[in-house]
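1. predicted model, plus sequence, below.
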Protein chains: 2
Amino acid sequence: MALDCVVGIDIGGQTSKLGVVDARGAVLAQTVIRSDTYGADAQAYVDALAEVTLKLIKEAGKEGQIRGIGVGAPNGNYYEGTIAYAPNLAWAVGTSIPFAKMLSKAVGGIPVSLTNDANAAAVGEMTYGAARGMKNFIMITLGTGVGSGIVIDGKIVYGHDGFAGELGHTTAVRFNGRHCNCGKTGCLEAYCSAIGVAKTAREWLMMSDKPSLLRGVDNITSKDVYEAAKEGDELALKIFDFTGTMLGMQFADFIAFSAPEAIVLFGGLARSREFLTEPIERAMNAYCLPFWKNKVKIVYSSLKESDAAILGASALAWEL
Amino acid sequence: MALDCVVGIDIGGQTSKLGVVDARGAVLAQTVIRSDTYGADAQAYVDALAEVTLKLIKEAGKEGQIRGIGVGAPNGNYYEGTIAYAPNLAWAVGTSIPFAKMLSKAVGGIPVSLTNDANAAAVGEMTYGAARGMKNFIMITLGTGVGSGIVIDGKIVYGHDGFAGELGHTTAVRFNGRHCNCGKTGCLEAYCSAIGVAKTAREWLMMSDKPSLLRGVDNITSKDVYEAAKEGDELALKIFDFTGTMLGMQFADFIAFSAPEAIVLFGGLARSREFLTEPIERAMNAYCLPFWKNKVKIVYSSLKESDAAILGASALAWEL
């Protein structure tokens, strides 16, 4: 039988999405499992994932036809097949897990290729989404964290060690910045992730007693801030203005690096585009060199979020 | 006759260096002309440069044997062959000069390829110098300005528009930063170029009345600061500590982008390596992600400065 299908797996802090994908990019079957119920036991998670993967392949009627499995994961290393020091995955905190090898063994030897989740999303967007036809762009994922996938001359940048493209951990606030999950302070992720936006809301509510729809909300999330902004809430609108400005200032530095055609935004927080685009573009154009002003596009992912990640991860597997 | 030689030209703010180079990288003849005595008249500069180039080719006994001319210039654009909006070249301020075309015409049709001066230096270092064998590194030129050439997978990064690699204009100080030649404020170049170091000295001398060898020096240059540091002058040593720290913090962000094997330092200010290396490494390792700590090398150019630039520019010409 021909090896005419692949599996794409997107590992997130809370859930992992997987799908069987054919050569034309159609997702034949997909499902979700939790990533966060295995404590520090990486083997337990791998075993559960392998079981579901094999079941899904069977459901799709593609047993014996899987060419390979592509995995996108936080801190996934393409060269080594490892998931290393990923603060949002309890079973990969402070250690390096030989994930590709473990998963391949657990699924009976199907080859596994692995990369950073944001790189996988960038590949998905380049192949099927908003970045089709682009050779130079930067994918920024605004989710629980802030990730990035950098494409130069049509290829993902992996760098010397496979860890390139950690733009969420560039420094947005150099001194007295917020603590970040990674152990540093002042990272872009500490301000411009979903968690960062919620933190800004909590901090600013404490700093004044102005009325706001957000006042009194338990465990504020970025979604609460979005809902309030839609109602015209002044504080919520200010929070998005601040978040977009922080992103735009940082994007100006990214442009100085690789001169991309566009910066593509993706992830849960990118759904707040109606409040983010204007401050991002304003700050980006104010902080970039004259010849880049109003040249670099801010675009939003055109794929369903789950599809982009699965498709991007699956694209890796075709190279196996 | 075989086209077995090329010409490399390095255009700087004050002088332009040029050499005839053979296929093994030997500089057969070289000379220098001024870049800054032509006012806004780009054609006058091109004509003078063409005359000297043809004379040099004759001197080297290589008439009719020149395959091409490679040029490294501030704000040189590889795709378009232009020198655009270069604040340190009076004849290219606020405008875009079709330099490659003009020079080719003036030398009787020899093809001309052009790139950013720092990119040319990176190619020179990769081919003949400290970066031999490296596929992923960042070249930082610390001269009158701060330039950069980024190498990923063995190739210079040009980006969508040919202007990639302007790391001297990433933001080191976000608010109330120094004015930079480029029109922005707070750029790395405004602090960590030779001019930036001299400015730091002048500012800090005004801020205290502590004794220093630099007090009373007319028109302080970065070389004066270096000489004072060698004598153990406390203020001069502090200036290098500050400059190195600024560089190191910014380098941490560059690492997050392309995960290089090394950052290669080049240019006049890099001669102060005995005072710069320690603060650069300290700050870089403090501000980078855990898995990069103590991994990325800081190395210094191993080529004579004039040779590196000429050789790097000449390497471009072989592709013509």
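-> Good, I have the coordinates.

2. so who does A:Thr277 touch?
-> A:Thr277 makes contacts with A:Gly244, A:Ile298, as judged by Cβ atoms under 8 Å, 6 or more residues apart in numbering or on different chains. In short, each C-beta sits where N, CA and C put it, glycine included.

3. tell me the SS of it?
-> helix (DSSP: H, G, I helix; E, B strand; the rest coil).

4. is chain B contacted by the longest helix along chain A?
-> Secondary structure of chain A per DSSP state H: the longest helix is helix A:234-258. Yes. Residues of helix A:234-258 contacting chain B under Cβ under 8 Å from any Cβ of the partner chain: A:Met249, A:Ala252, A:Asp253, A:Phe254, A:Ala256, A:Phe257, A:Ser258.

5. closest to B:Gly143 among those?
-> Distance to B:Gly143 across the residues of helix A:234-258 next to chain B (Cβ to Cβ) is lowest for A:Ala256, with 17.7 Å.

6. please work out how many residues are found near A:His169.
-> 29 (other Cβ atoms under 10 Å in any protein chain shown).

7. local confidence estimate at it?
-> Listed pLDDT for A:His169 reads 96.

8. for it, what are its contacts?
-> Per Cβ under 8 Å, 6+ apart, neighbours of A:His169: A:Cys180, A:Cys182, A:Lys184, A:Cys187, A:Leu188, A:Glu189, B:Ala256, B:Leu289.

9. mind redoing it with 7 Å?
-> Neighbouring residues of A:His169 by Cβ atoms under 7 Å, 6 or more residues apart in numbering or on different chains: A:Cys180, A:Cys182, A:Lys184, A:Cys187, A:Glu189, B:Ala256, B:Leu289.

10. ramachandran angles for the fourth one?
-> I take that to be A:Cys187. phi -60, psi 150 (degrees, to the nearest 10).

11. ok, now the last one?
-> Recorded main-chain torsions at B:Leu289 are phi -60, psi 150, according to degrees, to the nearest 10.

12. what's the answer for the fifth one, then?
-> Backbone torsions of A:Glu189, given as degrees, to the nearest 10, read phi -60, psi -30.

13. same check on the third one?
-> A:Lys184 adopts backbone torsions of phi -90, psi -180, taken as degrees, to the nearest 10.

14. just the CA trace of the helix or strand of chain A with the lowest mean pLDDT, in PDB.
-> Ranked by mean pLDDT, DSSP states H and E, the weakest helix or strand in chain A is helix A:305-318, scoring a mean of 83. This file holds the C-alpha atoms of helix A:305-318, laid out as PDB (Å, rounded to 0.1, in the frame of the first residue of the first chain):
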ATOM      1  CA  GLU A 305      -6.800  27.600  14.500                       C
ATOM      2  CA  SER A 306      -6.900  23.800  15.000                       C
ATOM      3  CA  ASP A 307      -6.400  23.100  11.300                       C
ATOM      4  CA  ALA A 308      -3.400  25.400  10.900                       C
ATOM      5  CA  ALA A 309      -1.500  23.700  13.700                       C
ATOM      6  CA  ILE A 310      -2.400  20.200  12.500                       C
ATOM      7  CA  LEU A 311      -1.700  21.000   8.900                       C
ATOM      8  CA  GLY A 312       1.600  22.800   9.700                       C
ATOM      9  CA  ALA A 313       2.800  19.900  11.800                       C
ATOM     10  CA  SER A 314       1.700  17.400   9.200                       C
ATOM     11  CA  ALA A 315       3.700  19.200   6.500                       C
ATOM     12  CA  LEU A 316       6.900  18.300   8.400                       C
ATOM     13  CA  ALA A 317       6.000  14.600   8.100                       C
ATOM     14  CA  TRP A 318       6.100  14.700   4.300                       C
END
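
15. and the contacts of it?
-> By Cβ under 7 Å, 6+ apart, helix A:305-318 touches A:6-10, A:17-19, A:21, A:25, A:27, A:30, A:67-72, A:113, A:115, A:117, A:120-125, A:127-129, A:266, A:301.

16. not counting its neighbours along the chain, what's nearest the closest residue to chain B within the stretch 201-320 of chain A?
-> Nearest residue of the stretch 201-320 of chain A to chain B: A:Ala259, at 2.6 Å (Cβ to the nearest Cβ). Nearest residue to A:Ala259 in three dimensions, chain neighbours excluded: B:Gly159, at 2.6 Å (Cβ to Cβ, 6 or more residues apart in numbering or on different chains).

17. got a list of what A:Pro279 touches?
-> A:Asp241, A:Gly244, A:Thr245, A:Gly248.

18. contact partners for the third one?
-> By Cβ under 7 Å, 6+ apart, A:Thr245 lies in contact with A:Pro279, A:Ala283.

19. does A:Asn285 touch A:Asn294 like I think?
-> Yes. Between A:Asn285 and A:Asn294 there is a contact at 5.8 Å, judged by Cβ atoms under 7 Å.

20. more neighbours: those two, which one.
-> A:Asn285 (18 against 9).

21. ok so, going back, let's see which of the contacts of helix A:305-318 end up in strands.
-> A:6-10, A:17-19, A:21, A:27, A:30, A:67-72, A:113, A:115, A:266 (DSSP state E).

22. domain map for chain A?
-> A:5-123+A:306-318, A:133-301 (automatic domain parsing).

23. tell me how many other residues crowd the residue of the stretch 101-250 of chain A found nearest chain B.
-> Per Cβ to the nearest Cβ, A:Gly159 is where the stretch 101-250 of chain A lies closest to chain B, at 2.6 Å. For A:Gly159, the neighbour count with other Cβ under 10 Å is 24.

24. then A:Glu227?
-> With other Cβ under 10 Å as criterion, A:Glu227 counts 15.

25. helix, strand, or coil at it?
-> From three-state DSSP, the assignment for A:Glu227 is helix.

26. who touches A:Leu237 in this structure?
-> Contacts of A:Leu237 (Cβ under 7 Å, 6+ apart): A:Ala229, A:Phe275.

27. which parts of the longest helix of chain A are buried?
-> Using 16 or more other Cβ atoms under 10 Å in any protein chain shown as the test for burial, helix A:234-258 gives A:235-237, A:239-258.

28. ok, back up a step: any chance of the residues of helix A:234-258 next to chain B in TSV, with distance to A:Ala308 too?
-> Formatted as TSV, the residues of helix A:234-258 next to chain B follow (distance: Cβ to Cβ, whole Å):
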residue	distance to A:Ala308
A:Met249	26
A:Ala252	26
A:Asp253	25
A:Phe254	20
A:Ala256	27
A:Phe257	24
A:Ser258	21
